[in-house]
Every structure is written in C-alpha cells, then in structure tokens.
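> need a structure here:
(one chain, ligands or ions: 1)
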Amino acid sequence: MLHSNLSINEKGHLCLAGRDVCELAERYGTPLFLMDEERIRRNARTYIDAMAEFMPEGSRPLLASKSCCFKRLYEIVAEEGMGTDLVSPGELYTAAAAGFPLENAFFHGNNKTDADIEYAISSGVGYFIVDNREELDAINETAREKGIVQKILLRLSPGIDPHTQKKISTGKVDSKFGTAIETGQAVELCRYALTLEAVALKGFHCHIGSQIFEYSSFADAAEIMLRFIRELYDDCGFETEMLNLGGGFGVRYVESDPEIDYRENIKGLAGVIDRLCGRLSVKKPSILMEPGRSIVADSGVTVYSVGSVKTITGYKSYVSVDGGMPDNPRYALYESDYTCLVANKADEEADFVATVAGRCCESGDLIQEDVALARPERGDYLAVLVTGAYNYSMASNYNRIPRPPVVMVNEGKDYVAVKRETFEDLLRNDI
Ligand code: LLP
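Model (predicted):
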C-alpha cells in the first residue's frame, strides 16, 4: 500500500502497524485519529542518524511542533533525541508539561509578543529564532533584565520560491517571515545583533516551504545562506555556529506523489553543503532541520463512520462522514490530496466515485473530491490515510464539534494519547 505500515488483513480490513483499524474504531468510536508510534520513532531516527552521519558535528533535526503537538508526542521524540521548534507559548507550555528538555527548543514566530518573550525566557528555552529588529530589541531587553545572555538565530529570507503551493511557501523576499538578504537588511541586522549584550548570535535560519521532494531546493537555500555567512565573516569576522535550513522533506499522501528516501536526500544535501563550505572557505556550521510532516504524517490514519450516501442523478455522489473540516481543514484550505478508502472493504474493488464530505454546515467542508471507493454504506468505516501531520494540530471546534481523540498503536498495543473532547469540554470557558 501507500506506506509500509499499512496493510489489509484476512477480513479485508485496513490495518495500521498490523492493527485492524475497524476494531479500534469499534472500541474508541469515530472520528478517530490513529497514530503509529513506531513509525514516528523510525522517521525521527532516520533524520537523526543521517544528519549525524553525513553532516557536520552537532547537526540534528527539530520536530516542527506545528505539525502535531501533544504531550506524548514530545516524550516520544525526546526519547529518540530530537529537538523541537515551537511557534507559540502554547506549544512551549505543552513541551514543558511533557518534560521536554527545553534547552533543545527553538522558539519561532514572526510576531512574538512581549509576554511570549518573557514566558519563553523564564521557561529556559534554548534558542530564539529572531524574526526582526524590534523583536531583537525586546529579547535583548528582557534577557538583560533577567541577567542572562539569550542564544539566538536570526531568521533570514533567502529569496527562493521552491515551486510549492503559494500558501505554504515562505522563503521569498516579500514573505512575512524573516529579514531579507537581498535588500541588505540582513547584514545590518547581524551587525546590530553583535552589538547587543544580552543576546548571543549563534547562526541563521531560513525556511523555503513545504512538500519539497528532493534536496535541490534545500541546496539552493544552503548556497545562498553560506554565501551570506562568508560575506558576513569578511564584513565583521563573525563565525557562524549553526545553520538551520527549516522544514523537512515532503510526504507521500497519494500514489502519484513520489516515494522519497530521506536518508539519501540528507546525504545528497550534506554533500552539497560540504562542497560549498570548501569552495567558499567557510568553517562548517552544524546543520539543523525542522521536519514536521515527514516525522508524523505517515504515522496517522483518521477513521470516520459513513453516514448518508447520496447520488445526485446525472451529477455526482457524496459520502458524508461524521467529521470533516474541524478535524481536517487541509482540503478546504489547500485542496490537499488524500487517499480515502472504506476501511472494512479494503479488499473490494473501488468502483464508486464520490466526494467525501464532512458534517459541517458549509459546502466547502470536503475531505476529498471524486475519489474511487468500494461501494460505501451507512455504518461503514471510511479511512483517510497519512493524516498524522496538520490534522490534530489544526483541528477546531467549528460547529461546536468536539475534537477526536488521538490513539497510539505500538507493538500490538494501543493507548489513548489525547482524550476525546466532550460536550462539557466545549462549555469549559463559557460563563
Ligand atoms: N519550520 C518552519 C519555519 C515552518 O514554517 C514549517 C512549516 C516547518 C518547519 C515544517 O514544515 P514540514 O516539515 O512540516 O513541511 N499547515 C500547513 C503547512 C504550513 C506550515 C508551514 N510551515 C499544511 O497543512 O500543510
């Protein structure tokens, strides 16, 4: 199937990590987020091992918390030795509550408030990834008041369009993130940062976008960053310790997406970085990456119950499920591709073309349009594959729908990592 942790058992049911997803849906109810713990660990180890083997000393991956964020996940990736990137005090709070070693946490965001800065410094976050000058001043001021020297990286925009979707491309000069190299503002910001007493500049960050399937776009970004690092050295003798190249590689959501060998791509990227450092006579910085989806996406399957199946004669068919944009807004937002199948008929021919619709009172609430399914009936289980990233983390209570639980499967066992929300939870803050 699409990924090696997916299979079909003798009952014709879809299995995740060898576990019958229909049985799990029976036990935990639907909608249900399932995640395969071993797959998360394996993906984490692939990055950790390849970066340690091929890249300069100290190179390592950081989990992009935005892709998925709950306490148990932080425990898992911390056990494997990943750091993390955080974009909000809420993510930081969750990581801290999980006992995540915050010295390995990098605090992002293009608009950190004074309260965020205060909270992150008090929590002992390892590094700030500084977006702009105002923020730099605010961090310096707070660190000075607290009598510490805060380690920072500066987020720069390398001016690259990696041919990914507009809404998920972030490295262009006119993006809202970071400080532009091309305009000369980045050099100025570095010179300024070096004059401040309560921050210690350790290096630079850039992020060009998501769903990147081969390393050439990362290599292009690395080249721009390393040239910048060289120029900065010539300018003021600053030696860069860390270069953070942002998010990870793409993920296979549907059969037509390429299969990607992360290890080979990391090796290829490492080779380019090595040669560039040689050519530019730059002392090799340790390399960081911030993979999100390539750590968690293929660990996840969402299971829904099928409700109404409706054919509009001469037009199209709809299969409605008991979730939708509140648990997976990605089709509504980006028209993201997903693989859908009837989990209890996984061995039957998929000859019924239908649009999978959610339960919200909104016509854009779709999971996928015009997909071929085994003929679905009310009460069947519909599975959406590769939903481990940006589903739970982007879930909402739209239409006052409680969020589904996250159930982990591991070594033949299963456990609740995040409980299902209740109606009482929905009223928690109402007065
Ligand atoms: N680092 C930074 C600075 C990022 O902006 C992102 C993603 C990542 C790391 C992780 O990228 P990944 O390895 O997961 O591709 N919500 C959207 C994507 C927007 C996130 C953009 N930033 C989605 O559902 O696809």
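
> which non-adjacent residue is nearest the one residue in the stretch 51-200 of the chain that gets nearest to the ligand?
Residue nearest to the ligand within the stretch 51-200 of the chain: residue 64 (3.5 Å; Cβ to the nearest ligand atom). Quick note: C-beta positions are derived from backbone N, CA and C, even for glycine. Excluding the flanking residues, the one nearest residue 64 by Cβ to Cβ, 6 or more residues apart in numbering is residue 292, at 3.1 Å.

> right, and the one you found touches residue 61 too?
No. With contacts counted by Cβ atoms under 8 Å, residue 292 stays clear of residue 61, the gap being 10.2 Å.

> compare those two and say which is more crowded by neighbours.
Remark: of residue 292 and residue 61, residue 61 carries more neighbours, 31 against 24, as counted by other Cβ atoms under 10 Å.

> and the strand or helix carrying the more buried one, which strands flank it?
Under the criterion of DSSP states H and E, residue 61 resides in strand 60-64. According to DSSP bridges, strand 60-64 forms sheet pairs with strand 83-86 (parallel), strand 286-290 (parallel).

> intersection of neighbour lists for residue 292 and residue 61?
Common neighbours of residue 292 and residue 61, counting by Cβ atoms under 8 Å, 6 or more residues apart in numbering, are residue 248.

> show me what the biggest helix by length in the chain is in contact with.
In the chain, taking DSSP state H as the definition, the longest helix is helix 216-236. Applying Cβ under 8 Å, 6+ apart, the external contacts of helix 216-236 come out as 156, 158-160, 162-163, 171, 181, 186-187, 190-191, 194, 204, 206, 208-209, 212, 238-240, 243, 245-246, 268-269, 272-273, 276-277, 280-282, 285.

> among the residues you listed, name the ones in helices.
186, 187, 190, 191, 194, 268, 269, 272, 273, 276, 277, 280.

> how near is residue 387 to residue 378?
23 Å (Cβ to Cβ, to the nearest Å).

> more neighbours: which of the two?
Each of residue 387 and residue 378 has its neighbours counted (other Cβ under 10 Å); residue 387 has more, 27 against 11.

> which residues touch the more buried one?
Contacts of residue 387 by Cβ under 8 Å, 6+ apart are 33, 297, 300, 301, 302, 328, 338.

> what about 10 Å?
33-35, 253, 296-303, 327-328, 330, 338-339, 367 (Cβ atoms under 10 Å, 6 or more residues apart in numbering).

> these also near the ligand: which ones?
residue 330 (Cβ under 6 Å from any ligand atom).

> narrow the contacts of residue 387 to those in strands?
33, 34, 35, 300, 301, 302, 303, 367 (DSSP state E).

> nearest to the ligand among these?
The closest of those, once distances to the ligand are taken by Cβ to the nearest ligand atom, is residue 300, at 12.5 Å.

> and the pLDDT for that closest one?
According to the prediction, residue 300 has pLDDT 98.

> for the stretch 151-300 of the chain, give me the ranges with low pLDDT.
161-172 (pLDDT under 70).

> which parts of it sit against the ligand?
Looking at the ligand, the residues of the stretch 151-300 of the chain close enough under Cβ under 6 Å from any ligand atom are 168, 170, 207, 210, 246, 247, 248, 290, 291, 292, 293, 294.

> of these, closest to residue 313?
residue 168 (38.1 Å; Cβ to Cβ).

> and stretch 113-131, C-alpha only, in PDB?
This file holds the C-alpha atoms of stretch 113-131, laid out as PDB (Å, rounded to 0.1, in the frame of the first residue of the first chain):
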ATOM      1  CA  THR A 113       4.600  39.400  21.900                       C
ATOM      2  CA  ASP A 114       6.400  40.800  25.000                       C
ATOM      3  CA  ALA A 115       4.500  38.300  27.100                       C
ATOM      4  CA  ASP A 116       5.700  35.500  24.800                       C
ATOM      5  CA  ILE A 117       9.300  36.600  25.100                       C
ATOM      6  CA  GLU A 118       9.000  36.900  28.900                       C
ATOM      7  CA  TYR A 119       7.500  33.500  29.200                       C
ATOM      8  CA  ALA A 120      10.000  31.800  26.800                       C
ATOM      9  CA  ILE A 121      13.000  33.300  28.600                       C
ATOM     10  CA  SER A 122      11.600  32.400  32.000                       C
ATOM     11  CA  SER A 123      11.000  28.800  30.800                       C
ATOM     12  CA  GLY A 124      14.600  28.500  29.800                       C
ATOM     13  CA  VAL A 125      14.000  28.000  26.100                       C
ATOM     14  CA  GLY A 126      17.400  27.200  24.400                       C
ATOM     15  CA  TYR A 127      17.200  29.500  21.400                       C
ATOM     16  CA  PHE A 128      15.100  32.200  20.000                       C
ATOM     17  CA  ILE A 129      14.800  32.400  16.200                       C
ATOM     18  CA  VAL A 130      14.500  36.100  15.800                       C
ATOM     19  CA  ASP A 131      12.400  37.400  13.000                       C
END
